[in-house]
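S.K.: Could you look at this predicted model? Sequence included:
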Amino acid sequence: MTLYHSQVQELNTKQREAFDSPGNTVVIAGPGSGKTRVLSLKVAKLLRDEIAPPQGIACLTYTRGMARELAQKINSLSVDDRPNVVVDTIHGFCLGYVIRPFSKLYGLDIPYPIRIAPQSVWDECLSIARQEVKGQTYNPGYDQQFKMDLAKYHLQHIDQPSSEWDNQDYAQIIEQHYTCLKGKGHIDFDLIIKYGLDLIANQLFVRQCLYAKFPWFAVDEYQDLGYPLFRIITEMLDKTPINLFAIGDPDQSIYGYMGTDPKYLRDLANRADVPGYVELDFNYRSTKNIIQICKHILDPSTDYDSDIINSDSKCRVYEVGVCHDGKPRRVERVIEKLIQEYTKRGIPLHQIAVLHPWRPNSARGTEGIKFVAKKLKRIGLFYHLDRNSLYDRRMRLIQWLEELAVWCLSGWTTLEEQTSRKCDFEEIQHFWEAINTGQHVSGEYESDLRVALTTALWKIKGQNLSLNDWLNYLQESLDLNEVLTSYGIEFPDEVDEFNKLVELSAANGRLANLHIDKFAHMQSAVQLTTIHSSKGMEFEAVIIVGIERIRNDEDGNRLFYVGATRAKQQLSLIYSKAWPEENPRTPQYINQLHDNCSDFDFFAHHRI
């Protein structure tokens, strides 16, 4: 029996209903409900049984990481390699299948070659635009709120002429910003979405070509993609015979500062031409105890439930004091105590996560997840912070290098501990092809690229080289500098981070003594990240620090809910009662849990 058939047989009743739904379908899938499995199986079913080559399917999601995960799931189901099967972000799809093929045909006002602006150029142009319109400079370290408000407003009005915006200051700043970017030979991701939507909404030929290639669209994490995607999907539904399979959860919509809103998924589900509607309300990840806590954060009356019973599953709350500077004190001791307890229960370090609602910026000083990291470093606790302070681990090129390092070290028996860190060599090869050509390749050239990469990696397999020696070897054996010169035309920020990493690993650099096992984060360690960045992850134990920093509104409720539902069996909440300073109070979330969960013997409150 194939993996595809065995997984189909394992679907529960509601998952099977979504899988078998014949037309346009919206699936509301709670945390841990198996949505990725359902989506990947649905895509495999469509490609096996309904969509004949050369037609395919466009699978869209929020981040490149989510796209890679979905692609790996689909590939594992033995779906034949065929043209016009796309798994990408909405930005990648608009760039690759709308703007590149049609921009010159319709005379789009964008510079060629198409290049995404580096962050430094983007910030410089925004500062120039704000100065010209408002007489104010833009400082990326201190003006994050202005940047977020501007981006949110732009995305929510992206289909309207700027002359019709009710905030003309924003309209003029946006216009000046794009004039500056284009003058420097760049565009940005929001402009990609704007032009992509314009072409789809206004050009019949563009829609016909898209439908000819992709009679089906599948959208993952629909609630995270916001108004532009909603407009793109509704334009295609209204004006073509396209079919849609969309999956998401309004209760996990936590990117409101970027213009997302749970109403877009609800509006889609209420369309007359979307007859399929399925709710996946059973959690296969968390214990029943954890789910009871999560339900009270949002809506105790919901049917969302779990049947995982574990008498050791606990939720605990810790109130810590504050130092004279307003920072929480003893927070690291509470975390240390919890981690010691979890490891005694047999939970490995990499299955323990510490989350915080904030990532610090200059205006917030050391507050946030980096403040927690600093505290844990002081007591010698081994952790992995999701974003290295020296280079940006979010960049796809850096992630690819980490995956290469994992592959090179696989089977290296001197590792002290094995972790869950794995890599997909097929995905590594695909990205190698992409940075060589900018798109999927086939035939002899594809074979040559794969042979070159495999040969180079086999020569150093099992060797825990220094990062400097390893990067030098890759540069020489793969002509990596020459390859990245072309790749950097479109993605300059990614190549900048690579060059920064090379510089840091040099003899006098701050990473001169780093070896690739630590670069690839292969040693077991506690995972540190923000609640926003933890979305899609799962851990045996979750510790959320800074509960008092979560806003007391619907957005805050959803954020707290997302953080709590990362936990499988252990959940601990840490807060400081002394914030804000002018009105010390216990966070409403803590009072709410006390009021509603007092009957549960797994709930305990400790003051430190």
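M.R.: Thanks, I have it.

S.K.: Neighbours of the residue nearest to I369 when sequence neighbours are not counted, how many?
M.R.: The shortest distance from I369 to any non-neighbouring residue, by C-beta to C-beta, 6 or more residues apart in numbering, is to H356 (4.1 Å). In this view, the C-beta of every residue, glycine as well, is placed from N, C-alpha and C. The burial count assigned to H356 is 28, neighbours taken as other C-beta atoms under 10 Å.

S.K.: can I assume H356 is in contact with V372?
M.R.: Yes - using C-beta atoms under 8 Å, H356 is in contact with V372, at 5.8 Å.

S.K.: Common neighbours of those two, please.
M.R.: V545 (C-beta atoms under 8 Å, 6 or more residues apart in numbering).

S.K.: Need the phi and psi values for P111.
M.R.: Note on P111: its backbone torsions stand at phi -80, psi 150 [degrees, to the nearest 10].

S.K.: Check D305 too.
M.R.: Taking degrees, to the nearest 10 as the convention, D305 sits at phi -150, psi 170.

S.K.: That one: how many residues sit nearby?
M.R.: 13.

S.K.: I'd assumed V133 was in contact with Q172.
M.R.: Yes - between Q172 and V133 a contact is recorded at 4.5 Å, counting by C-beta under 8 Å.

S.K.: re the thing from before, check the spacing between the residue nearest to I369 and K374 real quick.
M.R.: Using C-beta to C-beta, to the nearest Å, H356 is found at 12 Å from K374.

S.K.: Then I543?
M.R.: 16 Å.

S.K.: more neighbours, those two?
M.R.: Each of I543 and K374 has its neighbours counted (other C-beta under 10 Å); I543 has more, 28 against 11.

S.K.: which residues does the more buried one contact?
M.R.: If you count contacts by C-beta under 8 Å, 6+ apart, then I543 has I335, L338, I352, A353, V354, L355, S572, L573, I574 around it.

S.K.: The second one: neighbouring residues, count only.
M.R.: L338: 19 surrounding residues under other C-beta under 10 Å.

S.K.: all numbers from here: first residue = 21
M.R.: Got it, first residue is 21 now, which makes that one L358.

S.K.: give me the element it is part of.
M.R.: helix 351-364 (DSSP states H and E).

S.K.: So which other helices or strands are in contact with that helix?
M.R.: Judged by 3 or more C-beta pairs under 8 Å, 6 or more residues apart in numbering; DSSP states H and E, the packing partners of helix 351-364 are strand 334-340, strand 372-376, helix 389-398, strand 559-565, strand 587-596.

S.K.: Columns distance to F225 and mean pLDDT on top of these, output as JSON lines?
M.R.: Formatted as JSON lines, those follow (distance: least, C-beta to C-beta, whole Å; pLDDT from 0 to 100):
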{"stretch": "strand 334-340", "distance to F225": "56", "mean pLDDT": "86"}
{"stretch": "strand 372-376", "distance to F225": "47", "mean pLDDT": "96"}
{"stretch": "helix 389-398", "distance to F225": "48", "mean pLDDT": "86"}
{"stretch": "strand 559-565", "distance to F225": "48", "mean pLDDT": "96"}
{"stretch": "strand 587-596", "distance to F225": "50", "mean pLDDT": "91"}
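
S.K.: Dump these to JSON lines, plus distance to I148.
M.R.: What follows is the helices and strands packed on helix 351-364, written out as JSON lines (distance: least, C-beta to C-beta, whole Å):
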{"stretch": "strand 334-340", "distance to I148": "44"}
{"stretch": "strand 372-376", "distance to I148": "34"}
{"stretch": "helix 389-398", "distance to I148": "30"}
{"stretch": "strand 559-565", "distance to I148": "39"}
{"stretch": "strand 587-596", "distance to I148": "41"}
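
S.K.: residue nearest the centroid of this protein?
M.R.: T83 (4.6 Å; C-alpha atoms, centre = their mean).

S.K.: hang on, isn't that residue packed against T109?
M.R.: Yes - the criterion here is C-beta under 8 Å, and T83 meets it with T109 at 6.5 Å.

S.K.: Only alpha carbons, please: show the helix or strand hosting D258 as PDB.
M.R.: Here D258 is covered by helix 246-259, with elements defined by DSSP H and E. Taking Å, rounded to 0.1, in the frame of the first residue of the first chain, the C-alpha atoms of helix 246-259 are listed here in PDB:
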ATOM      1  CA  GLY A 246      -4.900  39.300   3.700                       C
ATOM      2  CA  TYR A 247      -6.900  41.500   1.400                       C
ATOM      3  CA  PRO A 248      -4.700  41.300  -1.700                       C
ATOM      4  CA  LEU A 249      -5.000  37.500  -1.900                       C
ATOM      5  CA  PHE A 250      -8.700  37.800  -1.200                       C
ATOM      6  CA  ARG A 251      -9.100  40.100  -4.100                       C
ATOM      7  CA  ILE A 252      -7.000  37.900  -6.400                       C
ATOM      8  CA  ILE A 253      -9.000  34.800  -5.500                       C
ATOM      9  CA  THR A 254     -12.400  36.500  -5.900                       C
ATOM     10  CA  GLU A 255     -11.300  38.000  -9.300                       C
ATOM     11  CA  MET A 256     -10.500  34.500 -10.500                       C
ATOM     12  CA  LEU A 257     -13.700  33.000  -9.000                       C
ATOM     13  CA  ASP A 258     -15.800  35.700 -10.500                       C
ATOM     14  CA  LYS A 259     -14.300  35.800 -13.900                       C
END
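
S.K.: Quick one: residues in contact with it.
M.R.: Against helix 246-259 from outside (C-beta under 8 Å, 6+ apart): 44, 80, 110, 114, 175-176, 178-179, 213-214, 216-217, 220-221, 224, 227, 230-231, 237, 239, 242, 262, 264, 266, 275, 278-281, 284, 287-288, 291, 293-294.

S.K.: Tell me which of these fall in helices.
M.R.: 110, 114, 175-176, 213-214, 216-217, 220-221, 224, 227, 230-231, 284, 287-288 (DSSP state H).

S.K.: how much space between the nearest residue to S486 once chain neighbours are set aside and R398?
M.R.: Distance criterion C-beta to C-beta, 6+ apart; nearest residue to S486, sequence neighbours excluded, is H535 at 5.5 Å. H535 sits at a distance of 24 Å from R398 (criterion: C-beta to C-beta).

S.K.: How about F445?
M.R.: F445 is 39 Å from R398, by C-beta to C-beta.

S.K.: For those two, indicate the residue with more neighbours.
M.R.: F445 (15 against 9).

S.K.: Now name the helix or strand holding the closest residue to that one other than its chain neighbours.
M.R.: Distances taken as C-beta to C-beta, 6+ apart put W427 closest to F445, at 6.1 Å, once the chain neighbours are dropped. If you go by DSSP H and E, W427 is part of helix 416-429.

S.K.: Report the distance from that helix to the chain centre.
M.R.: 18 Å (C-alpha atoms, centre = their mean, to the nearest Å).

S.K.: Could you do stretch 536-544 as well?
M.R.: The answer for stretch 536-544 is 21 Å, by C-alpha atoms, centre = their mean.

S.K.: what's the answer for stretch 370-378, then?
M.R.: Using C-alpha atoms, centre = their mean, the offset of stretch 370-378 from its chain centre is 15 Å.
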